Each structure stands twice: as C-alpha cells, then as structure tokens.
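**Q** Turn this into a structure:
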Amino acid sequence: ASIDEFMGSLLGMAALAAGGCALLGCGTQLTPAAAVAARYDRRSLNCGHPSMSNLNLEVNGQAVQLQVEPHRLLVEVLREQLGLTGTHVGCDTSQCGACTVLLDGQPVKSCTMLALQADGDRVTSIEGLAQGGERHPIQQAFIDCHGLQCGFCTPGMIMSTAALLQHTPNPSQEQIEHAL
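**A** Sure thing, here's the model as predicted:
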C-alpha cells in the first residue's frame with residue numbers, strides 16, 4: 001500500500017471516530033486534524049453523500065458554479081479548480097494564515113473550511129483586491145514598506161489586514177496584533 005493509502009485509512013478512521021458525517025455539513029470549520037484527514041481520505045469522509053455536489057459562489061465579484069467533491073477544502077477549489085493560486089497552503093494546521101481569504105467580508109482560513117460550507121457566499125482572494133489593474137492600497141503599502149519576508153504568507157497577511165481595516169479603520173496596536 002502507498003503512503004497516501006495508509007494515511008488515508010489511518011486518518012479516515014480517526015475522522016470517522018471523531019464525528020464522521022458531522023464533519024460534512026454542520027456549518028462549522030474543520031479542526032486542523034479533520035482538515036488533514038479530509039485531504040488524505042477521499043472516500044470515507046463521503047459518508048454516502050453524492051460524489052459531486054453543486055457549489056455556487058461569488059468569487060472576486062464573479063458568479064461561479066462548480067461541481068465539487070464534498071470533502072474538498074475551499075483552498076483546494078480556489079487553487080485547483082479556479083486557478084487562484086495567490087491563496088497559499090502553508091502549515092495545514094490553520095496556524096500560519098497563508099490561506100486567508102475573505103468570506104462575506106470576514107477573514108477565514110480556507111484550509112480549514114469545506115468548499116461546500118461557502119455555498120452562496122462571497123469569496124474574495126488576494127487576486128480580487130486589485131481593481132482595474134491597480135493594486136489595492138494595502139498591497140501597495142506592503143510593497144512600499146517591505147512588509148514581507150519570504151513572501152509566502154504575504155497574501156494571507158494582506159487579506160487579514162484588509163478585513164481589519166474594513167471593520168476598524170483606525171485600529172489600536174492590540175487590535176492589529178490580534179488580527180494578524
């Protein structure tokens with residue numbers, strides 16, 4: 001057996017023991033462990049649900065209709081099906097924030113959310129911040145102030161900053177630290 005098959009069996013059993021079908025539709029985000037299990041196990045998390053489901057989203061201002069497998073994470077759909085590769089997968093544990101997108105204006109870590117949980121919602125990725133070929137002011141500020149290190153987590157930091165400033169135009173140092 002391959003390592004993926006072994007990990008799929010092992011993690012699938014753990015995920016089913018931890019809640020099985022409840023992981024698929026209660027409207028809450030997956031725990032990091034369940035998200036990892038969903039990535040490895042493509043069969044047992046299906047729990048008898050159809051192999052493909054309709055997903056309707058507004059992504060970066062455009063209506064999108066897709067067929068997705070119920071276990072697909074939002075980050076996977078954005079990157080693999082829609083080609084929006086600015087949203088990165090970093091840690092697979094929801095700690096780093098590289099996968100952060102805005103869901104109806106609120107920052108979410110797309111590596112811990114099933115795509116189907118976003119059905120009917122508005123998703124904004126880093127690609128959606130720029131308007132008319134012009135960088136968003138936050139994107140430009142990150143460039144101007146060298147607000148990056150290797151750059152891998154920068155899209156998530158920019159999205160978190162955009163959400164913070166949308167809701168709190170003059171944040172305190174404590175609010176900034178909490179948001180980022």
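**Q** Where does the prediction get shaky in the protein?
**A** 1-50 (pLDDT under 70).
**Q** Name the residue closest to the centre of it, please.
**A** The centroid of the chain falls nearest to residue 110 when counting by CA atoms, centre = their mean (1.1 Å).
**Q** I'd guessed that residue sits against residue 74; true?
**A** Yes. At 4.0 Å, residue 110 counts as touching residue 74 under the criterion of CB atoms under 8 Å. C-betas here are computed from N, CA, C, even on glycine.
**Q** Now the common contact residues for the two.
**A** residue 101 (CB atoms under 8 Å, 6 or more residues apart in numbering).
**Q** Can you get me the start-to-end distance on stretch 82-95?
**A** Using CA to CA, to the nearest Å, the end-to-end distance of stretch 82-95 comes out at 24 Å.
**Q** Mind jotting down where the strands sit in this protein?
**A** Assigned by DSSP state E, the strands in the chain fall at 53-59, 62-68, 100-103, 106-109, 122-124.
**Q** Provide the strand pairings for the shortest one, with the direction of each partner.
**A** Pairing partners of strand 122-124, with direction, according to DSSP bridges: strand 53-59 (parallel), strand 100-103 (antiparallel).
**Q** hmm, who's touching it?
**A** Looking at what lies outside strand 122-124 - CB under 8 Å, 6+ apart - the contacts are 57-60, 74, 78, 101-105, 159.
**Q** buried residues in it?
**A** Across strand 122-124, burial judged by 16 or more other CB atoms under 10 Å covers 123-124.
**Q** Also the first one?
**A** By neighbour count on 16+ other CB under 10 Å, the buried set for strand 53-59 is 53, 55, 57-59.
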